[in-house]
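> Sequence and computational prediction follow.
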Amino acid sequence: MSTSSGFVVAIPARYASTRLPGKPLQLLAGEPLVLHVARRALAAGADEVWVATDDARVREALAGTPVQVAMTSPEHPSGTDRLAECAALAGWDDARVVVNLQGDEPFAPVSGIQAVAALAAQPGVDLATLCAPVEDVETLLDPNAVKVVRSVEGDALYFSRAPVPWPRDAFARSRDVMPDGEWFRHIGIYGYRVGFLKQFAAMPPGRLEQIEMLEQLRVLEAGHRVALGIASEPFPPGVDTPEDLARAQARLAAGE
């Protein structure tokens with residue numbers, strides 16, 4: 001079993017994708033997308049970087065790299081379930097800190113990966129994740145941009161696709177301008193200890209989760225603590241569609 005005091009990064013990489021078939025192996029600057037993501041994890045100082053996949057072609061694409069591959073079931077309904085199987089295959093101790101880095105984040109900042117790992121290692125934290133300030137009203141109203149409400153202590157109180165908290169007076173006047181105040185957009189990177197990862201994967205879907213279609217609400221509804229850090233660097237958009245892939249290609253070509 002692995003007992004290092006550092007952290008590991010696990011990257012769920014399901015081959016099938018409705019909007020971008022074969023997404024993990026889509027080429028970005030001539031290399032598979034999943035390899036770009038794994039390099040971000042390696043640059044963050046992870047003790048180990050694992051890709052949890054359901055397709056041998058992904059394993060073959062990573063041959064000869066420092067990245068380890070867990071061949072997981074194609075039946076998993078979520079990345080959390082896939083990573084729970086990865087943890088079992090890797091033999092990680094329940095106290096091990098794992099960062100769940102999405103397989104479509106080739107520009108994830110190193111600082112963000114490290115911040116989530118540090119939060120997850122704190123006593124009493126069940127789940128750690130990040131957020132960023134919302135800076136425009138379009139994002140605030142966009143149901144695809146998940147909002148999160150923070151407590152004074154910095155824990156998550158609620159996640160929603162709605163603009164929460166609702167700025168009653170400001171929106172009564174207009175919904176065309178950003179209201180005064182502070183709103184946060186959730187960034188979908190997670191950290192936890194292996195013991196809680198297993199517990200999370202074993203929980204039945206929560207009522208709030210099924211309403212909002214947000215898996216992280218399962219944790220809050222069950223009464224667990226979610227620590228929420230504010231990202232010190234922007235998380236550029238991930239790659240989920242052919243248009244996203246084209247933008248990522250342009251970003252690399254521009255040297256960003």
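Alright, I've got the coordinates. Numbers count the residues shown, from 1 in each chain.

> where along the stretch 101-250 of the chain do the strands fall?
127-133, 147-150, 156-160, 184-193, 226-230 (DSSP state E, counting those that start in this stretch).

> Now do the fourth one: distance to the chain's middle.
Looking back up the chat, that one is strand 184-193. 5 Å (Cα atoms, centre = their mean, to the nearest Å).

> Let me see the mean pLDDT of it.
Mean pLDDT, computed over strand 184-193, is 97.

> what lines up beside that strand in the sheet?
Paired with strand 184-193 in the same sheet, following DSSP bridges, are strand 97-100 (antiparallel), strand 127-133 (antiparallel), strand 147-150 (antiparallel).

> Spatially, what comes nearest to Thr53 if we skip its sequence neighbours?
Ala13 (4.5 Å; Cβ to Cβ, 6 or more residues apart in numbering). Quick note: C-beta positions are derived from backbone N, CA and C, even for glycine.

> picking that back up, and Val98, which of the strands of the stretch 101-250 of the chain is closest to it?
strand 184-193 (6.2 Å; Cβ to Cβ).

> the inter-axis angle of that closest one versus strand 156-160?
Angle of strand 184-193 versus strand 156-160, following axes from the mean of the first three to the mean of the last three Cα atoms, to 10 degrees, is 120 degrees.

> Dump the strands of the stretch 101-250 of the chain to CSV, plus mean neighbour count.
Formatted as CSV, the strands of the stretch 101-250 of the chain follow (neighbours: other Cβ atoms under 10 Å):
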stretch, mean neighbour count
strand 127-133, 22
strand 147-150, 20
strand 156-160, 20
strand 184-193, 23
strand 226-230, 20
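
> what's the closest of these to Met178?
strand 127-133 (10.6 Å).

> CA-only coordinates of that closest one in CSV, if you can.
Extracted in CSV, the C-alpha atoms of strand 127-133 (Å, rounded to 0.1, in the frame of the first residue of the first chain):
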residue,chain,number,x,y,z
LEU,A,127,-14.2,16.9,0.3
ALA,A,128,-12.1,19.8,-1.0
THR,A,129,-12.7,21.8,-4.1
LEU,A,130,-12.2,25.3,-5.6
CYS,A,131,-14.2,28.3,-6.8
ALA,A,132,-13.5,31.6,-8.6
PRO,A,133,-15.3,34.9,-8.4
